[in-house]
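Trainee: show me the folded form of this:
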Amino acid sequence: MASDNIMTRTRSWRRAVAATAAAVIALALGVVAPSLAATAAVTSSGPVFTHAGYDYAPTVIEENGVRKMWWCGEATTDGYLSDAIFYREQNISTGSLSPIQQVLTPRPSIATWDKSYICDPSVVKGSFTNPDDGKTYTYALYYTATDRGPGNPAYYGTHLDGTNNRIGVAWSNDGVAWKKYSQNPVISPRVVNTDAYGAGQATSYNAGGSSVRVTYHDNSTAGTSLYTRTSTNGRTFGAETLVSLTGLAPSGQLSYGSNFDVAYKPSEGMWYGTFPLPRRDAGDRETYRMVIAKIPAASFPSGTWQKLGFIDSNRTGAYLNHSPGIARTGSGEVSTASSGLTVLYSGGANSPGTWDLRVAKWSATPATAALNRYYNAAAVRHQVTTGPPTGGGVFEETLGYLPQAPTGSAVPLYGCKFLGEDYFVALDENCEGHSELGINGYIYPSAPTGVASKRIYRCYTGQDHFVSDESNCEGVKVEAALGFILVNP
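Mentor: Numbering: from 1, shown residues only. Here you go, the predicted structure:
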């Protein structure tokens, strides 16, 4: 295989030199080369900021050029490690950040229903009257809490720590100082005093004034389900309605009905959602892949969701990607600060201490993503991906383009990793027994009609996988004819 390796490396070096030279010429002429990531329907960047401990489950309001972020993070209260809600603002244009403030905290030493954990905030603006003091407030915050946890073993006894969660509400005029409703919780699980997780992870939408719809997770009965309820005052909710998860998961699998978010876009008459898909490994704390989808308002909460793209390791470079929050207006509609969908989520390694808030952006245009080939000379490794080269390397070429949502007969093309740094692509969701990074897009088993396409092949040098549009794999082993990709975006 020595001669094969030399042949492949020579081609790689030629392309690397050509790409570098082109970039130098562009800079010399004052031309800004287009970002490769901009061709992807979903793009992601590193953490918005780093913060000690874990950070996840954000709720985000974007208005007047400011991104207001509330999220669940690690805190110590009454000598116990627990969950609390934090707040921070970011200037969307400059990226500058305000100081972090801890705004809602449990008190394990005080006997209340929410004494042990307070997490999963969902904030919505409106006009809310608190019967406790007769005052009207601008913000309502729906949060998950329980009294089974730190400092309370006598109460939960044989019950599991962190179970029997319920949803409460608090009000504020500045988003920082919150007043809890005395009659909390406002939503309880279907099975009261359950040893399951219970009800929580609310996401809220204000249809006008104080007419609030809350969608939430409840696993106190068989299975994992989402439900939605409405209220005319923000505190007294009507009967539950089951939310459909149809269309979200790969064939033969179920989507988790937890750690999700939904938001309404009235200009399109659509509900958008971000939902977790099954975990990569039984030992993982959370999922590595979330699907972005939409459903007509006329079909919500029943009906079938249409998949639009994915936030996964292939696109973010993070091992785990979970607990999303769609950027929204004060009323809970999809934010108009930018086109498409902006999602804040938690990304990091399997250790919760690495979880920080990150940003992913989805755009309906273009509907395809470039399948790019990179080469890392130091590691003697290629990576072919529609995301960033997480294995490092220099851009070699764009092989073609992949639709980002299911279309016609196209099937998913997965990004995978074998052992150390051998990246490869596969048609098998299980990555042929190796680690999956996510979905690059959709590839056609046969040439699609009406559009220019070409066949691509998976190649192997004996130590490195790559993809080529040459049927002889540039002189090395042809492992598989993968299918057809589009020649143009």
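Trainee: what's near enough to touch the nearest residue to Leu308 once chain neighbours are set aside?
Mentor: Once flanking residues are discounted, Leu308 sits nearest to Ile292: 4.7 Å by Cβ to Cβ, 6 or more residues apart in numbering. For every residue, glycine as well, the C-beta is placed using N, CA and C. For Ile292, the contact set (Cβ atoms under 8 Å, 6 or more residues apart in numbering) comprises 42, 272-274, 307-311, 341, 343, 362.
Trainee: what's the separation between Ile292 and Val262?
Mentor: 11 Å (Cβ to Cβ, to the nearest Å).
Trainee: and Asp218, by the same measure?
Mentor: 15 Å.
Trainee: one more: Asp83?
Mentor: Using Cβ to Cβ, Asp83 is found at 22 Å from Val262.
Trainee: send the alpha carbons of the strand or helix carrying Ala480 over as CSV?
Mentor: Using DSSP states H and E, Ala480 falls within strand 477-486. Taking Å, rounded to 0.1, in the frame of the first residue of the first chain, the C-alpha atoms of strand 477-486 are listed here in CSV:
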residue,chain,number,x,y,z
LYS,A,477,-9.0,0.5,-2.6
VAL,A,478,-12.7,1.1,-3.6
GLU,A,479,-14.7,0.2,-0.5
ALA,A,480,-18.2,1.3,-1.7
ALA,A,481,-20.1,3.2,-4.4
LEU,A,482,-22.0,5.5,-2.0
GLY,A,483,-24.5,7.0,-4.4
PHE,A,484,-25.2,10.3,-6.3
ILE,A,485,-24.8,13.8,-5.1
LEU,A,486,-25.7,17.1,-6.7
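Trainee: got the contact list for that strand?
Mentor: So strand 477-486 is contacted by 4, 368, 371, 399-403, 411, 413, 425, 427, 443-448, 451-462, 465, 467, 471-473 (Cβ under 8 Å, 6+ apart).
Trainee: redo that, cut-off 7 Å
Mentor: For strand 477-486, contacts defined as Cβ atoms under 7 Å, 6 or more residues apart in numbering pick out 368, 371, 399-402, 413, 425, 427, 443-448, 451-460, 472.
Trainee: likewise stretch 363-383?
Mentor: 12, 16, 36, 39-41, 339-340, 384-386, 389, 391-405, 421-423, 440-441, 463-467, 485-486, 489.
Trainee: of those, select the buried ones using a PyMOL command.
Mentor: Buried residues within the contacts of stretch 363-383, by 16 or more other Cβ atoms under 10 Å, are selected in PyMOL with:
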select buried, resi 12+16+36+39+40+41+340+384+385+386+389+391+393+394+395+396+397+399+400+401+402+403+404+405+421+422+423+440+441+464+465+466+467+485+486
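Trainee: mind checking the end-to-end distance for stretch 415-432?
Mentor: End-to-end distance for stretch 415-432, by Cα to Cα, to the nearest Å: 11 Å.
Trainee: in it, which residues are buried?
Mentor: Buried-residue list, stretch 415-432, by 16+ other Cβ under 10 Å: 415-417, 421-427, 429, 431.
Trainee: what would those residues look like in a markdown table with pLDDT and distance to Tyr319?
Mentor: Listed next are those as a markdown table, based on pLDDT from 0 to 100; distance: Cβ to Cβ, whole Å:
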| residue | pLDDT | distance to Tyr319 |
| --- | --- | --- |
| Gly415 | 96 | 13 |
| Cys416 | 96 | 14 |
| Lys417 | 93 | 11 |
| Glu421 | 81 | 15 |
| Asp422 | 92 | 17 |
| Tyr423 | 96 | 14 |
| Phe424 | 97 | 18 |
| Val425 | 98 | 19 |
| Ala426 | 98 | 19 |
| Leu427 | 97 | 23 |
| Glu429 | 89 | 18 |
| Cys431 | 94 | 15 |
